[in-house]
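1. build me a model from this:
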Amino acid sequence: MKERGWAVRYALFVAGLYFLSAGIVLIVRSALGTTPISSVNYVLSLHSPLSLGTWTFIANLVLIAGQFWLIRRQASRKDTVEILLQVPFSFVFAAFIDLNMALTDGVRPSGYAASLALLLAGCVVQAVGVVLEIKPGVAMMSAEAFVKYASRRYRMDFGRFKVRFDIALISLAVAISWICSRRIEGVREGSVIAACMTGYIVTFLNDRVMTRRTLGRLRMLRR
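-> Numbering: from 1, shown residues only. Reported below is the predicted structural model:
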């Protein structure tokens, strides 16, 4: 029973990664920008032979290395295992991104309304992925884990550090885009909409869709 519980929890987590990647890809396909966490990876994929998924995996490895640097003087076994566990999941997540990019290769919005609808659909799908990723409690993605360890090390509120982290990523994406093409790519109004809306949708799903009965089953699986 315990083994089955772990299997279900990891299956839910992997499903969350798929929905998360699908949401990111839909937002990219909307042509209205991309999410802060994917902004740098997307710009780099536009100006190199490497895919968005490949750059995502590389970025996650950099964030994983950054986490080890942040805990270098106070690393516990639990922290080390948690960080190392991100490597295989980062690979799976990157593969899901490239798969969804291939599946949506022919998606081209016919106008601004269609782009906005695709953006909103991406926000909903991404929010579903976030909920499925968080609820099983088996691992964290590299970006959130980096913010967690950085906020802990520098004694800063997680939310405040997350905002600064996202702003830094968007600024870096704009800088790289300008250097490579003398124009801004990947960062538009859709980036702001996605950043603002996804959190509200996640809250709604947590409060309304993830009922007490569902949460009770997840808690039983954790035992």
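2. so how far is Thr104 from Arg182?
-> Going from Arg182 to Thr104 by Cβ to Cβ, to the nearest Å gives 28 Å. All C-beta spots, glycine's among them, are computed from the backbone N, C-alpha and C.
3. please say which of these two ends up with more neighbours.
-> Thr104 (15 against 7; other Cβ atoms under 10 Å).
4. quick check: closest non-adjacent residue to that one.
-> Closest residue to Thr104 apart from its sequence neighbours, by Cβ to Cβ, 6 or more residues apart in numbering: Arg29 at 5.3 Å.
5. based on its surroundings, how many neighbours for that neighbour?
-> 22.
6. ok, Leu103 next?
-> 11.
7. start the count at 324 instead of 1 going forward.
-> Okay, residue one is now 324; in that scheme the one you just asked about reads as Leu426.
8. what's the longest helix in the protein?
-> Looking across the chain with DSSP state H, the single longest helix is helix 325-352.
9. helices or strands up against that one?
-> Counting contacts by 3 or more Cβ pairs under 8 Å, 6 or more residues apart in numbering; DSSP states H and E, helix 325-352 packs against helix 359-369, helix 409-426, helix 435-457, helix 535-545.
10. save these as TSV, and put in distance to Ile387 too.
-> Shown next, in TSV, are the helices and strands packed on helix 325-352 (distance: least, Cβ to Cβ, whole Å):
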stretch	distance to Ile387
helix 359-369	14
helix 409-426	6
helix 435-457	17
helix 535-545	25
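11. most packed of those helices?
-> Most buried of the helices and strands packed on helix 325-352 by mean neighbour count (mean count of other Cβ atoms under 10 Å) is helix 359-369; its value is a mean of 23.
12. so for it, mean pLDDT?
-> Mean pLDDT, helix 359-369: 93.
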